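Novice: Generate coordinates for the sequence data below:
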Amino acid sequence: MGAPMADPRPFARLCSLSEAVSYLVLLGIAMPLKYVWRLPMAVHVFGMIHGVLFLLLIWFLLRSHFEKGWPASRVWLLVGAALVPIVPFFLDRRVRRWLEEQEPT
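Specialist: Reported below is the predicted structural model:
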């Protein structure tokens, strides 16, 4: 029997916001560096960071669903939001409200 794992829901929120920032950096800075100034390294670096953050987001959302009972519709909403660069920022207030409503388990 190991130590109890931390609540994944706050980590899902943090990953959502971090992933959204990395997406904006990838689209707004790294892509122009690659295609305008012929500097592809930024896409390699920020593409990897963005990919890792996206996978972490999925991991924490799945844990939130299976361990803490977040509804599948909420998980799908947050996954869909991650596909559009600025939507996670608009959903953050709702996610904070969801975290406040949850009883500590």
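Novice: Please name the residues that touch the residue nearest to Asp7 when sequence neighbours are not counted.
Specialist: With sequence-adjacent residues excluded and distances taken as CB to CB, 6 or more residues apart in numbering, Asp7 is closest to Lys68, at 6.7 Å. C-beta: built from backbone N, CA, C; applies to glycine. Taking CB atoms under 8 Å, 6 or more residues apart in numbering, we find Lys68 in contact with 7-9, 102, 105.
Novice: Likewise for Arg9?
Specialist: By CB under 8 Å, 6+ apart, the residues touching Arg9 are 60, 64, 68, 70, 98-99, 102.
Novice: Could you pull up phi and psi at the closest residue to it other than its chain neighbours?
Specialist: Take Arg9 and drop its neighbours on the chain: the residue closest to it by CB to CB, 6+ apart is Ser64, 4.9 Å away. Here is the backbone geometry of Ser64 (degrees, to the nearest 10): phi -60, psi -40.
Novice: burial measure for Ser64, as a count.
Specialist: Neighbour count for Ser64, taken as other CB atoms under 10 Å: 25.
Novice: That one and Pro10 touch, don't they?
Specialist: No: if you go by CB atoms under 8 Å, Ser64 and Pro10 don't touch, sitting 9.6 Å apart.
Novice: Phe66: what secondary structure?
Specialist: helix (DSSP: H, G, I helix; E, B strand; the rest coil).
Novice: from now on call the first residue 26
Specialist: Noted, 26 is the first residue going forward, which turns the last one into Phe91.
Novice: Val104 versus that one, what's the distance?
Specialist: 15 Å (CB to CB, to the nearest Å).
Novice: And the two? Which one has more around it.
Specialist: Neighbours were counted for Phe91 and for Val104 using other CB under 10 Å; Val104 has more, 15 against 11.
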